[in-house]
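K.L.:
model this:
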Amino acid sequence: MAEEPGGADGLAQAWDELVATARRTVTDGLVVGTSGNVSVRVGGTVLVTPSGVPYDELTPDDLVAVGLDGSWRAGTLTPTSELPMHLAVYRATPARAVVHTHAVHATAVSTLVPELPLIHYMAAALGGPVRVAPYATYGTDKLAENALKSLENRTGCLLQNHGTLTYGDTLTQAYDRTAQLEWMCRVWLTASAHPHLTPSLLTEDQVAEVGEKLRGYGQRG
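P.N.:
Numbers count the residues shown, from 1 in each chain. Okay, here's the model as predicted:
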């Protein structure tokens, strides 16, 4: 295996951060059991959660690593069945981390509309209106293909009758985008449930304006 940034210590640290993020998806109710998966890219290596193993049972010795082509790099456990989708995102985008969940409200929205209505300006944090990728069987190249189309100029999408997919420069950013997406879906479902009123929506121009403001948001280093 080629030397990666930070060497073995760098991979070990990245694995610890990955496991912590995966456990957070359970704690925050975004997944149930071993559903969903998380990955992080370190150079040409992708660390990914294993298939069917509860996150609270993962240890430093359970590190699972593959190349961008899916070739084995390290570990004895089988990678998540959604590995093709994760690798497709890394090959086609600048992603350094990917989070996939089965969040309740987001999954519900994915069954109702082809795109999450612009219920809140934080859609700008994901690049604009969040699309729903057409359904395909989990773990297939077709699902990966559908997800990539829906991610065009976006950092997150919904997977029809399935869940969410977001990416970012870091695990924290990818996770925050997942949480934000689930929150927006919950807001839209809640507002839409009123029997006599229809929720007001923003325009794409209004969301784009927020996107520009977000570029300078936060503390300056």
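
K.L.:
So which residues of this protein form helices?
P.N.:
In the chain, the segments counted as helices under DSSP state H are 7-27, 83-92, 104-110, 141-150, 171-192, 204-214.

K.L.:
Of all those helices, which one comes closest to Arg73?
P.N.:
helix 7-27 (9.1 Å; CB to CB). Quick note: C-beta positions are derived from backbone N, CA and C, even for glycine.

K.L.:
Only C-alpha atoms, please: export the closest one in CSV.
P.N.:
The C-alpha coordinates for helix 7-27 follow below in CSV (Å, rounded to 0.1, in the frame of the first residue of the first chain):
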residue,chain,number,x,y,z
GLY,A,7,1.1,7.4,7.3
ALA,A,8,-0.4,4.8,9.5
ASP,A,9,-1.0,7.3,12.3
GLY,A,10,-3.0,9.5,9.9
LEU,A,11,-5.1,6.5,8.8
ALA,A,12,-5.7,5.5,12.4
GLN,A,13,-6.8,9.1,13.4
ALA,A,14,-9.1,9.2,10.3
TRP,A,15,-10.6,5.9,11.3
ASP,A,16,-11.3,7.1,14.9
GLU,A,17,-13.1,10.2,13.5
LEU,A,18,-15.1,8.0,11.1
VAL,A,19,-16.2,5.7,13.8
ALA,A,20,-17.2,8.7,16.0
THR,A,21,-19.2,10.1,13.1
ALA,A,22,-20.9,6.8,12.4
ARG,A,23,-21.9,6.5,16.1
ARG,A,24,-23.3,10.0,16.0
THR,A,25,-25.7,9.0,13.2
VAL,A,26,-27.2,6.4,15.6
THR,A,27,-27.2,8.7,18.6
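
K.L.:
Take the helices of the chain and write them to CSV, including mean pLDDT, distance to Val42 and mean neighbour count.
P.N.:
CSV is the format used below for the helices of the chain (pLDDT from 0 to 100; distance: least, CB to CB, whole Å; neighbours: other CB atoms under 10 Å):
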stretch, mean pLDDT, distance to Val42, mean neighbour count
helix 7-27, 94, 5, 17
helix 83-92, 98, 11, 21
helix 104-110, 98, 28, 21
helix 141-150, 98, 21, 18
helix 171-192, 98, 11, 20
helix 204-214, 95, 27, 13
